[in-house]
Structures are given as structure tokens and as C-alpha cells.
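Chemist: Structure for this input, please:
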Amino acid sequence: MSNFSKRWLLCASMIVVGLIAIAAIGLIRLDRSRKFMTARFDASVNVPAADFNQDIDRGTFAGDTSAPDFQLVDQAGRETSLAQYRGKVVLIAFVDSQCTTICPLTTESMVEALRLLGPAAADVQLLGINANPLAVKVSDVAAYTQVHRMQGKWRFLTGSLPQLERVWRDYHVYVSAINNNIDHQPAMVLIDPLGREHEVYLTQMSYEGVAPQAQILADDIAKLVRGQPAAAQRFALDYVPPLSPNAAPQQMPVANRERSISVGGPDAQLLLFFASWLDQSSHVAAKLRDLDHFAAGARRNGWPSPIAVDELTTEASAASAQKMLAQLSRAIRTPIVEDADGRLGDGYQVQDLPWYSLRSSGGKIIWSHDGWLSSTELRHEVSAALAKSAPRERTEAITRRRP
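Modeler: So this is what the prediction gives:
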């Protein structure tokens, strides 16, 4: 069989695995929906709070089957196998080494789970498996580890592409690279001290869901740790609605704490969602100064004023991030606020960082953009979006004024 045929068959098998996994996820979600509707109309039915919350995954039992072993290298180049952690609880996450979307949510929930476990965390090992077929170098996983301040908290493993493809296949995790765009299942696998797959979780694209997902992980890990110590109960699992663009205005303190600013309300606004860890790949201060340049032109043209929003739930250290934001606030005229619980990012349907979102005076998102823009590019995009939405906005304003 030619190399081309082998590669084609491998790609086909990965697609089949992905489709099977997607179907399984659909069945799980259908089961949750049925439970939700049953509980809604039958108060006698007891349904866990997590079943009502679509921002988290309470896990799917993996059958306690033997977890496939692997031999890879970590961010320091050390050879690492699953077998060497026999006797410990292991939590494996499949993470794109260059990801700025859902992977930071996964890793933050993992680390927060260890905090909830307290001293029992010493019996737990966090492992990351690289899920980016285009960035498999040790330097790639080392960079992610450094950016998210994961040193000493986990081992982020990588290897040759054939090695990684075998692990993805063994754990039924879909990974693909199409036109340099990486797509993978954000899976976490919980393995007991006997080396058996106990539970599987899929991270949801929800910034608010990071903390409750950590609570679920900590509670499940605690049941497998020697002595079954109780994890600290800090986060409720109930669904918390996001702050949508048409929600009542929220008074949010500016990062330097000298004043507060209203997010939402009757005036149109331009929001830039970001995180301080982006400073490792982009000079955040310089990018925020572009907002200042945009604001000067916006005032002249009557365009919406910009606001920068840090997604605090993705930060490795809230205190360190807040210190950096306070420093930025002294150098940047554009107000910087913190989305402390992730509800604002979820309400504005933020899918990546950085992320621009233009909200109309009617409380609708009329334009969004993934990735940094210069002040010139931003002026062009905002001007075009406002011109396109103006007729619709006028029509809706007239409709609202009618008795």
C-alpha cells in the first residue's frame, strides 16, 4: 500500500471516529434535555443541578476499561508514560499547543480542580496531550505551558505525528488540520489509580463554565483518591444566564479602580475581549493603544466608544492579571474592565481571544471579529458595519416608538 493510501485511510478512520464521538455527544445532550423537560413538568423527579447547566459537562462513565499506555515527551523533553503514574489519579486533557479558544478554559478548570482538592492534589497528576498536528515540537508545548503559567502543575506531552495520531486514535479523540485550521475534541479523561478510564468530559465553550467545571472535576477526582477526601465546595453547578448585549446596563469598575463605566444600555459600544496572557505572543499594550487611536476618530465621527474587557476566568492568576491591568489602565485611555465571572463574554458569544464585538444601540451584535486589528483596519470594519446596519436600526427604532 502506498504512503498516500495509508494517509488517506488514516484520515478516513479519524473522521469516522470523530463522527461516532459527535453522535455520542448528541445522545448525551438529548438525554439531558429529556431529563430537563421531565423535571420541568414533574417536580417529584430529582435531577442534578449540573444537568440543567449546558455550560458544563458532568462527565460520561467510561466503563473502567484499561487506559491505553503511551510514551511521549513533556515540555522539558522528559520521556513520560501513563504507566509511570500507576497508583495516582490521572486527568488527561487533549489540548492544542497554540490554542486561544477553548483550551485555556480546559487547563484553567484542571488547575482550579487541584486547588479545590487541597492536600489531596498530591495524589493527582495532570497530563496534557498535544492535539495540534502542525505544532508538535517540544518548544510548542513548552510555550503553552509558560504562557498559561502551568510550570510544575502538569506535563504537556508531545511526540512525532505518528505517535500522537496513535494516542488520539486509542482515546477516540477527533483531531484534524484543514487549511492550517485546527479542530479537535476538547476532551478530558479521568483515570483511576489502577490505570482504568473512569470518566470522560468535554469542555464547553463557556467562560462562566470554567469554575463549575472545576468543581465537577474536583468532586469526581476526590472519589478516586485514597481516603476519598471531600473537595472544597466553592462553586455552584446551577446555570447562570449570560449578560447578553440587550441586558440592563452593568456598572463595571475600571481596572485602576478609580471609576466605573457602564457596559450595555442605550448607547452603542465597541468591546474588545482579551487576556493578559496574549502578551506572550502580542504586545497587548500596543494593541490597546490602537483602541485609543480608534477612539479619537470615533469621537469625530460619532461612532461607539471602545471598551477593553479582560476575560479573567482564563487567567492563571487573577491577582497578577489585575495588577497588570491596573498598570495598563495608567497608560491606556480606553477603559479596561474585568469579566470576572465570564458572563459578559458568554453573552457576547466570544469564541476566541482577542475578539471584537460591536453592539448597536438596540442591543444587538452587528459585527464581530476574531484576532487583532490595527486602528486603521478597525475604523474600516466599524464604519462598514455601521453603514450596513443603519437602515435596519432606523426601522427598528421607528417600530419601537409606535404605540
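Chemist: Residue ranges in the chain under the pLDDT threshold?
Modeler: Along the chain, the parts satisfying pLDDT under 70 run over 1-50, 392-403.
Chemist: domain ranges for it?
Modeler: Following automatic domain parsing, one finds the domains of the chain at 3-222, 250-401.
Chemist: what's the distance between the last one and the middle of its chain?
Modeler: What separates the centre of domain 250-401 from the centre of its chain is 19 Å, taken as CA atoms, centre = their mean, to the nearest Å.
Chemist: circling back: is it possible to get CSV of the domains of the chain that adds mean neighbour count and distance to residue 239?
Modeler: Where you see a C-beta, it was placed from the backbone N, CA and C, and this is true even at glycine. Output for those, formatted as CSV (neighbours: other CB atoms under 10 Å; distance: least, CB to CB, whole Å):
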stretch, mean neighbour count, distance to residue 239
domain 3-222, 18, 4
domain 250-401, 17, 11
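Chemist: want to try a markdown table for those domains, with distance to residue 243 as columns?
Modeler: Shown next, in a markdown table, are those (distance: least, CB to CB, whole Å):
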| stretch | distance to residue 243 |
| --- | --- |
| domain 3-222 | 9 |
| domain 250-401 | 4 |
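Chemist: What is the end-to-end distance of stretch 238-246?
Modeler: Stretch 238-246 has its terminal residues 22 Å apart, counting by CA to CA, to the nearest Å.
Chemist: Flag every buried residue along that stretch.
Modeler: 239-240, 242-245 (16 or more other CB atoms under 10 Å).
Chemist: Need those in JSON lines (columns: secondary structure).
Modeler: Shown next, in JSON lines, are the buried residues of stretch 238-246 (DSSP: H, G, I helix; E, B strand; the rest coil):
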{"residue": "239", "secondary structure": "coil"}
{"residue": "240", "secondary structure": "coil"}
{"residue": "242", "secondary structure": "coil"}
{"residue": "243", "secondary structure": "coil"}
{"residue": "244", "secondary structure": "coil"}
{"residue": "245", "secondary structure": "coil"}
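Chemist: List just the nearest of these to residue 337.
Modeler: residue 243 (11.9 Å; CB to CB).
Chemist: Contacts only, for the closest one.
Modeler: By CB atoms under 8 Å, 6 or more residues apart in numbering, residue 243 lies in contact with 250, 263-264, 343-344, 346-347.
Chemist: Run through who's touching the host helix or strand of residue 300.
Modeler: Element membership for residue 300, per DSSP states H and E: helix 284-301. Residues outside helix 284-301 that contact it (CB under 8 Å, 6+ apart): 270, 272, 274, 276, 278-279, 303-306, 308, 328, 331-334, 336, 354, 372-375, 378-379, 382-383.
Chemist: Recalculate using a threshold of 10 Å.
Modeler: 270, 272, 274-279, 283, 303-308, 310, 324-325, 327-329, 331-336, 354, 356, 372-379, 382-383, 386 (CB atoms under 10 Å, 6 or more residues apart in numbering).
Chemist: Among those residues, which lie within helices?
Modeler: 324-325, 327-329, 331, 375-379, 382-383, 386 (DSSP state H).
Chemist: of those, closest to residue 96?
Modeler: Distances from residue 96 to the ones in helices among the contacts of helix 284-301, taken by CB to CB, are shortest for residue 324, at 24.6 Å.
Chemist: In this structure residue 93 contacts residue 189, no?
Modeler: Yes - the criterion here is CB atoms under 10 Å, and residue 93 meets it with residue 189 at 8.0 Å.
Chemist: Just the helices from the protein, written as ranges.
Modeler: Counting by DSSP H, the chain has helices at residues 3-41, 103-117, 138-147, 161-170, 210-222, 284-301, 318-331, 343-347, 375-401.
Chemist: Give the buried residues for stretch 221-232.
Modeler: 221-222, 224-225, 229, 231.
Chemist: mind putting those residues in JSON lines, distance to residue 130 included?
Modeler: Shown next, in JSON lines, are the buried residues of stretch 221-232 (distance: CB to CB, whole Å):
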{"residue": "221", "distance to residue 130": "23"}
{"residue": "222", "distance to residue 130": "28"}
{"residue": "224", "distance to residue 130": "25"}
{"residue": "225", "distance to residue 130": "27"}
{"residue": "229", "distance to residue 130": "32"}
{"residue": "231", "distance to residue 130": "28"}
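Chemist: Setting aside sequence-adjacent positions, which residue approaches residue 331 most closely?
Modeler: The shortest distance from residue 331 to any non-neighbouring residue, by CB to CB, 6 or more residues apart in numbering, is to residue 285 (6.3 Å).
Chemist: Could you do residue 186 as well?
Modeler: Nearest to residue 186 is residue 203, by CB to CB, 6+ apart, at 4.0 Å.
Chemist: Could you tell me how far that neighbour is located from residue 256?
Modeler: As for residue 203, its distance to residue 256 is 33 Å (criterion: CB to CB, to the nearest Å).
Chemist: returning to what we had before: verify the stated contact: the residue nearest to residue 186 with residue 107.
Modeler: Yes - assessed by CB under 10 Å, residue 203 is found in contact with residue 107 at 9.4 Å.
Chemist: Find residues that contact each of these two.
Modeler: In contact with both residue 203 and residue 107: 93, 95, 188, 210, using CB under 10 Å, 6+ apart.
Chemist: if I look at the residue nearest to residue 331, how far off is residue 324?
Modeler: 9 Å.
Chemist: list the residues that contact both of these two?
Modeler: Shared contacts of residue 285 and residue 324, counting by CB under 10 Å, 6+ apart, come down to residue 279.
Chemist: In terms of distance to residue 215, which of the buried residues of stretch 221-232 ranks first?
Modeler: Nearest member of these to residue 215, counting by CB to CB, is residue 231, at 7.5 Å.
Chemist: For the nearest residue to that closest one once chain neighbours are set aside, which residues are in contact?
Modeler: Leaving aside its chain neighbours, residue 231 sits nearest to residue 218 (3.8 Å; criterion: CB to CB, 6+ apart). Applying CB under 10 Å, 6+ apart to residue 218 gives the contacts 109-110, 112-118, 120-121, 124, 230-235.
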